[in-house]
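[1] Pasting the sequence and the predicted model now:
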Amino acid sequence: MKIHQKTIEKLRQLINEETQYRSGPDLIAFFKPFGFQDIYGPEFPSRWMYTEKKLNALNDTNELEDCVTTLFAPINFIGKTHLLDKLIADFNQYLMYDGYKIVRNNIEISIWALSPGEIKIDSIDTKSDFSDVPLNTQQDSVLQTQEDKEILKLKPEIYGMGIDLKALGHLLKKKFSIKKTKNENINKETLKSSDQKIEINGSLKQVIIGVLILVIGTVIAASITYFVFGIGKPQSSPATNVYQPPQLKLTYEQQESVQDEAKFYHTNFIIYVYQPPGNFDTGFNIVTNIPDAECSKPEWKGTTSMTSGAIGSTTAEYIVSCTSYRPILDTQNLFILK
C-alpha cells in the first residue's frame with residue numbers, strides 16, 4: 001500500500017491526536033507491532049516528527065495497511081461508533097487520491113482498491129435554500145424558477161467576514177423589488193429602483209427574513225430588514241453578548257529524569273500550546289514555574305495544523321530541559337502562559 005505525502009500527514013494527525021491523544025511512549029507501543037523496537041528516553045524527538053518518520057518508513061509496504069486497520073479497529077471505539085465512521089469518512093477523502101478506501105463491515109475493517117470509475121470528487125450542492133418552501137401563487141412559482149437562482153449568489157456575501165449591511169440591503173432590493181400587476185402575474189417592467197422601498201409578497205418577505213435569521217443571526221438579520229424593508233431599526237449586540245474568542249491552552253508531559261555522575265537530575269518537558277479555531281493570538285510567553293531548578297528557554301520543535309473546511313487550529317510543540325538537585329515530583333502548574 002502506497003500513499004501520497006498529504007495522506008501521510010493526515011494519517012499522522014489521526015494517530016497522534018484525532019483518534020486519541022498518544023504520548024511518546026504510546027506512539028512507541030503503537031508502532032512496535034510493525035517492526036520498530038524504539039525505546040523512550042530523553043532523545044525522543046517531537047511526536048509529529050516521530051510518527052511521520054515511521055509512516056514514511058512503512059509507506060509502500062504491507063505493514064502500512066496493517067497500521068491503518070489497527071488505527072481504525074472498532075474495539076478502540078466502543079460506544080463511539082459514530083466517531084469512528086466520521087473519521088473513516090474524512091480519511092477516505094484523502095485515500096481516494098491514492099486509489100483506496102476504508103470499509104467497515106460491523107467489527108471488521110478492510111481496505112479496498114478503487115477502480116477508476118469509483119474515484120469521484122463531490123461537487124458543491126447548489127440547491128437553493130428556498131426550494132422546500134410551499135409555493136401558493138403564480139408569483140411565488142416564478143420567483144422559485146428565476147429569482148430564487150439569484151439568491152444563491154448572495155451566499156458568499158452572507159457568509160463572508162465583515163458584512164456590509166447597506167450593500168447587502170441594496171443587493172437584496174435589486175433581486176426582490178418585484179411588484180404584482182392587476183392579474184397577479186409578474187411584470188418585469190415594473191421592477192423598482194433599488195433606492196425605493198421594497199414591495200414584495202408578504203409571505204415571501206417572511207421567508208427571506210426567516211432564512212436570514214437562521215443563517216446570520218437575529219441581530220444582523222434585524223439590521224438587514226431595516227435597510228431592505230424599512231422595518232424596525234438597526235440593532236446592536238448587547239454588551240453581555242460580546243464575542244469572547246477561545247483561549248490558548250497549554251499542556252505538557254514530563255519525560256523520565258536522568259541522574260548524572262554529579263548527582264544532578266536532568267528532566268525534559270514536552271510542552272504543547274493549542275490554538276483553537278477563532279483564536280488569533282500572535283504572541284505568548286511560556287513561563288517556567290519549577291522551584292529549585294534551572295531550566296532552558298522553551299525551544300520550538302514544530303507546529304501541527306488541523307483544518308476542517310474553513311475552520312483551523314494549530315498545536316505548537318516546545319521542549320524545555322531542566323537541571324535540579326532533586327527529582328521534580330510536583331506535576332501541577334509547572335508551566336503557564338502569559
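    Here it is on my side, so go on.

[2] would you put the C-alpha positions of the helix or strand containing Thr323 in PDB?
    Using DSSP states H and E, the element containing Thr323 is strand 311-324. Presented in PDB, the C-alpha positions along strand 311-324 are these (Å, rounded to 0.1, in the frame of the first residue of the first chain):
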ATOM      1  CA  ILE A 311     -12.000  26.200  10.300                       C
ATOM      2  CA  GLY A 312      -8.500  25.500  11.500                       C
ATOM      3  CA  SER A 313      -6.400  25.000  14.700                       C
ATOM      4  CA  THR A 314      -2.800  24.600  15.500                       C
ATOM      5  CA  THR A 315      -0.700  22.900  18.100                       C
ATOM      6  CA  ALA A 316       2.900  24.200  18.700                       C
ATOM      7  CA  GLU A 317       5.400  21.900  20.400                       C
ATOM      8  CA  TYR A 318       8.300  23.100  22.600                       C
ATOM      9  CA  ILE A 319      10.900  21.400  24.700                       C
ATOM     10  CA  VAL A 320      12.400  22.600  28.000                       C
ATOM     11  CA  SER A 321      15.300  21.000  29.700                       C
ATOM     12  CA  CYS A 322      15.700  21.400  33.500                       C
ATOM     13  CA  THR A 323      18.500  20.500  35.900                       C
ATOM     14  CA  SER A 324      17.800  20.100  39.600                       C
END
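
[3] For it, which residues meet the burial criterion?
    Neighbour-count burial for strand 311-324 flags 313, 315-322, 324 (criterion: 16 or more other Cβ atoms under 10 Å). Every C-beta, even on glycine, is put in place using the N, C-alpha and C of the backbone.

[4] cool, stretch 10-24 as well?
    10-19, 22, 24.

[5] and which of the residues you listed is nearest Ile3?
    Closest approach to Ile3 among the buried residues of stretch 10-24 (Cβ to Cβ): Leu11, at 7.4 Å.

[6] hang on, isn't the closest one packed against Asn56?
    No. Taking contacts as Cβ atoms under 8 Å, Leu11 lies outside contact range of Asn56: 10.6 Å.

[7] wait, what's in contact with Asn289?
    Residues near Asn289 by Cβ atoms under 8 Å, 6 or more residues apart in numbering: 333-336.

[8] Tell me the one among these nearest to Leu64.
    With Cβ to Cβ as the yardstick, the closest approach to Leu64 among those comes from Phe335, at 36.1 Å.

[9] show me what contacts the closest one?
    250, 252, 269, 271, 286-289, 320.

[10] swap the cut-off to 10 Å and go again
    250-252, 269, 271, 273, 286-290, 295, 298, 318, 320 (Cβ atoms under 10 Å, 6 or more residues apart in numbering).

[11] Give me the buried subset of those.
    The neighbour-count criterion (16+ other Cβ under 10 Å) marks 250, 252, 269, 271, 273, 286, 288, 290, 295, 298, 318, 320 among the contacts of Phe335 as buried.

[12] Could you tell me how far the fifth one is located from Glu118?
    This points to Val273. 41 Å (Cβ to Cβ, to the nearest Å).

[13] Then the second one?
    Plainly put, Tyr252 is 45 Å away from Glu118 if you go by Cβ to Cβ.

[14] next one: the last one
    Noted for Val320: a distance of 49 Å to Glu118, by Cβ to Cβ.

[15] The third one now?
    Taking Cβ to Cβ as the measure, Phe269 and Glu118 are separated by 47 Å.

[16] repeat for the fourth one
    In this view, Ile271 and Glu118 are 44 Å apart by Cβ to Cβ.

[17] what comes up buried for stretch 28-39?
    Those would be 28, 30-31, 34, 36, for stretch 28-39 by 16+ other Cβ under 10 Å.

[18] I appreciate the help and will end here.
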